[in-house]
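# just to be clear, the model below is a prediction. Sequence and coordinates:
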Amino acid sequence: MGALARKFNRKNITPAKAKEIAIKEYAARRDEDISEVYGEVIAVTMLYMHNEYGYGEKRLRKWLYGIDDFIEDVQNFGKGNMEEVRRILKEECNIDIQEEYRLLWEAKKKREKKGKSV
């Protein structure tokens, strides 16, 4: 019997309770990881907008609060919300985001191969 199992036995924790605890801990860690990645993507995006488009503090803050509200609205839309986002981009902007990413990655791989062969 492992140390964790002995600890649970001493505290009268059933296997079902142990599973429930593990699920809650996993969810908490997952949420922390998602928040960290979300923050990194937002920070990189903000820096890009500052460097490329000259956004300063005022516009970056306005954008930050606006995009956060927009993301929350999309999440609250319900199941299939990302499918709807992709559909709108395709219909209104003529951008098939999955196809664009495929093309982007293919171009990136070609550039990497050229860099190695030179």
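Yes, it's here. Residues are numbered from 1 along each chain as shown.
# in the helix or strand encompassing Glu36, what counts as buried?
Using DSSP states H and E, Glu36 sits within helix 15-53. By neighbour count on 16 or more other C-beta atoms under 10 Å, the buried set for helix 15-53 is Met46. C-betas here are computed from N, CA, C, even on glycine.
# now it, how far from the chain's geometric center?
Put simply, helix 15-53 sits 7 Å off its chain's centre (C-alpha atoms, centre = their mean, to the nearest Å).
# next helix or strand past that helix?
Using DSSP H and E, the helix or strand that follows helix 15-53 in sequence is helix 57-76.
# spatially central residue for the protein, please.
The centre of the chain sits closest to Tyr38, judged by C-alpha atoms, centre = their mean, with a distance of 5.3 Å.
# per-residue pLDDT, that one?
On pLDDT, Tyr38 comes in at 85.
# next: Lys11.
Per the predicted model, pLDDT is 66 at Lys11.
# same check on Ala5?
The predicted local confidence for Ala5 is 62.
# same question, Glu112
The score at Glu112 is 88. That number is its pLDDT.
# how close does it sit to Glu106?
As judged by C-beta to C-beta, to the nearest Å, Glu112 and Glu106 stand 11 Å apart.
# cool, Asn12 as well?
Computed as C-beta to C-beta, the Asn12 to Glu106 distance reads 57 Å.
# more neighbours, those two?
Under the criterion of other C-beta atoms under 10 Å, the comparison of Asn12 against Glu106 puts Glu106 first, with 10 against 7.
# so that one versus Lys114, what's the distance?
Distance from Glu106 to Lys114, counting by C-beta to C-beta: 13 Å.
# go on, Tyr48?
Look at Tyr48 and Lys114: by C-beta to C-beta, they are 25 Å apart.
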